[in-house]
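> Below are the sequence and a predicted model; questions follow.
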Amino acid sequence: MNPIGKEIPNVSSSDNRLIIYLIIRARQGKAPSIRRLPGLDAIEEAVGRATEMGRPVHFSPGIVELTHERAPQTLAGLSVLSYVASLCAKYDTGLVTTIMKPDVYVVAEDIVKNAFLVEGKGERYRPDMVRFIGAEQFAYGAAAVGIMHREKVAANIMIGAWYAESLMVTEGGAQTGGIQITGSATVAQLPFLVIASDYCLMGEEIYAASAYLSKDPTQLAVILGQDLAKAATIAIMVVGAVLLAFGSDVVVRLINSQ
Amino acid sequence: MMRSLQSIPRSWLYVILIVLLAWPLIKPIGIKLDISDETRRCYEAIESLEPGSVVVFGFDYSAGNKAEMEPQALAVLRHLLRRNVKVIGLAFVEQGPILGEQAFQKTGWTEKQYGVDYINLGYRAGGQGTVAAFANDIPGTFNTDISGKPSTSFPIMEGIKTAADIDLIVTIAPGTPGPEDYVRQVFSSYQTPLVCGVPAVAITQVAPYVQAKQIKGILGGSPAAAQYELLIEQPGDAVAAMDAQSLAHLLIVAVIILRNIGYLAEKKASNNTANPSGRGTHS
Amino acid sequence: MKSTVPVVITAVIGIVMILDFFLPVQSVNNMASLLQSWGIVISAFAMGLGAVNLLRRHTGIIAKGEKSMLYSLLLVGSMILTIIVGLFFGTGSKLYDFLFTNILSAASRTLYASIAFYILSAAYRAFVAKNLDGWILLLTGVVIMLGTAPIGAVISKFFPAASQWIQDIPNTAGMRAIMMGAALGVVSSAVKTFLGYDKSYLGQGE
């Protein structure tokens, strides 16, 4: 039995129930709206700019595998890859997707191939649009920087989980002069991504990407559920802090109760 | 002239950086090093161990980040050797076991009796899930040592079943699995004291757990390793690297200042060009 | 059908893993362990596919005699050498250890060290006080850099004290907020993936 389950099951399971209720509502036509995310809006602009310049777009979904605990970030990155590949197919723009983990490579290859097929440009798909670099963190970073320089990419989009190589890749990308859009929920790397990118998606914003880009009412309902759960968390924190200030630890005991 | 400070060639900066990093390594300056409270807390956690205590040591780093992480591991292992405790080495990162072997050799642990005073249980895949499995069943999760012999055949493993039988866990981990996984999967259920070593950039991510008293202390990057070396009175590679780090940080601050002088000079010049008489535009 | 089967597989596996997290039921725990082992096996096969992609691309470059063929030759050669040594001498052999310590480890450390240059370059490029945000970023960066190196304390005790305060108070508050938001994001992502509303990981998102 996983011990963390003793601490947070009520929050996560009620979050789940709320999200499912909102999905049902959205399917009945009551879709919520979502605030603008400039980083995601800029993707089309970045691909458009690459198209005008006749140069490719570089994409990376981070450096963790699909079985990793940070895999949701990789999945968020892959959902953006699907969108980027569609745009590249639509505008006949070159795409270079660099991958560090072999299991992600297999999925990414399928995503890009599918996006080209859906856009009716199956014949323009080339296997080297998705490249497996090798499962060594800094070798991957150096190779990604090298590819961006050699192939003169006009846009660098990196959304996923990053570690110490993040600055290497983003700063290397910045030196090419292209537009940079990054995103991660790995908090320790966010400062590097923020200073080296034109746009940066922080934390939960990357999980909203799929809903935001697809405008699918059901997925938008999930985002609303997430925000309501966040509001509830904030309310618990505020009430807990106020009560604690007045000498009552009832909220702390409630959260810690098993 | 001032405006050119905005476009100093990158290659010049790189050459200056190489010189500033190499010079103190060849000829140390000896900049005074203060011990932080954080490092002292880690030191005290180990200093308070009784002789014969059992410590799990997670070699959760790899070759790429060895330069920053190994000095921490070596300093703590040397301290543990002096405390006369037993050390169970293990890893949740592929390259951990081989780096653990090297660390045991470098710190003199190999002169002690293998299987009695220390052991290397090798690597287990599976990330956070395996950390949870380790907490609940140590000999079941690490059923063999690095050479493939059953772990329960070694005297050091007698009476070790769960994380509750461990007096302290040390993990030197630049990524995941790392301190956060140990907090969630081990500390939450067994309250086993935890000390961790992380790269300087990860301090911010782990600091909330220290404030919540779920981690006893963190060693952050090379400065903490250097401070630890001084605390155990065995200055090593990390202390030697501190002068270089100080000069590199000074260089970064200097280039930031120069860049901003250039920026302000350009801004002033463009304001003067736009308004050469110096009068306000709304006069 | 092509998309239904993967979604059903995802949902079933996801539900088993969630149940394993919450239920102390032996059969569920065993099933979850089995699925995790399958994941490791699939990853190992995926590694083979990745290696094939790598070989296909770089042998192509060598065959065409492209400008970068020297690097491709080096890559293919070292890959074959490592595979041969690993297969025939074992990963515990002295030869394998030699390759690890003197080539892989040394090369990895060199690349890691190169981050220093990127930090310098990024600091020079990004820390410009163009507006209030720029000033805050710049001043915080300078205080942290001086506070975390021994030279900071030599210049003034203010730097380590201020650096510690920044890390303990505003930084920790921000980090906790992002962590909690991201954790809720993971939950909602999981729900829409398990329920099959987000199929972008199958290449069918948009």
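Cool, the structure landed.

> how about residue A:183, secondary structure?
Counting by DSSP: H, G, I helix; E, B strand; the rest coil, the backbone at residue A:183 sits in strand.

> what about it, neighbour count?
Residues near residue A:183, counting by other C-beta atoms under 10 Å in any protein chain shown, number 29. Any C-beta I mention is one placed from the backbone N, CA and C, and that applies to glycine too.

> Same question for residue B:212.
Other residues close to residue B:212 by other C-beta under 10 Å number 11.

> For the chain, which segments count as strands?
Reading this off chain A. A:57-62, A:95-99, A:130-132, A:155-161, A:179-184, A:199-202 (DSSP state E).

> switch to chain B, that's the one I care about
B:54-59, B:86-91, B:118-123, B:168-172, B:194-198, B:217-220.

> Among these, which comes closest to chain A?
Minimum separation from chain A across the strands of chain B (C-beta to the nearest C-beta) falls at strand B:194-198, 8.7 Å.

> Domains of chain C: list them as residue ranges, please.
C:4-66, C:131-194 (automatic domain parsing).

> and these, which is most packed in?
With neighbours taken as mean count of other C-beta atoms under 10 Å in any protein chain shown, the domains of chain C reach their highest mean count in domain C:131-194, at a mean of 18.

> where does chain A have its least confident helix or strand?
helix A:9-27 (a mean of 64; mean pLDDT, DSSP states H and E).

> What is the burial count for the residue of chain B found nearest chain A?
At 3.3 Å from chain A, residue B:189 is the closest residue in chain B, using C-beta to the nearest C-beta. Applying other C-beta under 10 Å, we find 21 other residues in the vicinity of residue B:189.

> Repeat that for residue A:196.
For residue A:196, using other C-beta under 10 Å, the count is 26.

> quick one on the thing from earlier: would you turn the domains of chain C into TSV with distance to chain A and mean pLDDT?
Formatted as TSV, the domains of chain C follow (distance: least, C-beta to the nearest C-beta, whole Å; pLDDT from 0 to 100):
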stretch	distance to chain A	mean pLDDT
domain C:4-66	3	82
domain C:131-194	3	87
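
> So for chain B, which of those sits nearest?
Of all the domains of chain C, domain C:131-194 sits nearest to chain B, with 3.6 Å by C-beta to the nearest C-beta.

> ok so, going back, pipe the strands of chain A into CSV and attach distance to residue A:170 per row.
Formatted as CSV, the strands of chain A follow (distance: least, C-beta to C-beta, whole Å):
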stretch, distance to residue A:170
strand A:57-62, 10
strand A:95-99, 13
strand A:130-132, 19
strand A:155-161, 7
strand A:179-184, 6
strand A:199-202, 9
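
> Can you lay out those strands as a markdown table showing distance to residue C:58 and mean pLDDT?
As requested, the strands of chain A are arranged in a markdown table below (distance: least, C-beta to C-beta, whole Å; pLDDT from 0 to 100):
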| stretch | distance to residue C:58 | mean pLDDT |
| --- | --- | --- |
| strand A:57-62 | 19 | 96 |
| strand A:95-99 | 14 | 96 |
| strand A:130-132 | 10 | 91 |
| strand A:155-161 | 23 | 95 |
| strand A:179-184 | 28 | 94 |
| strand A:199-202 | 33 | 93 |
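
> among the ones you listed, which is nearest chain C?
Checking the strands of chain A against chain C by C-beta to the nearest C-beta gives strand A:130-132 as the closest, at 3.9 Å.

> just to revisit the earlier point, who wins for proximity to residue B:29 among the strands of chain B?
Evaluated over those, closeness to residue B:29 peaks at strand B:217-220, with 22.3 Å, by C-beta to C-beta.
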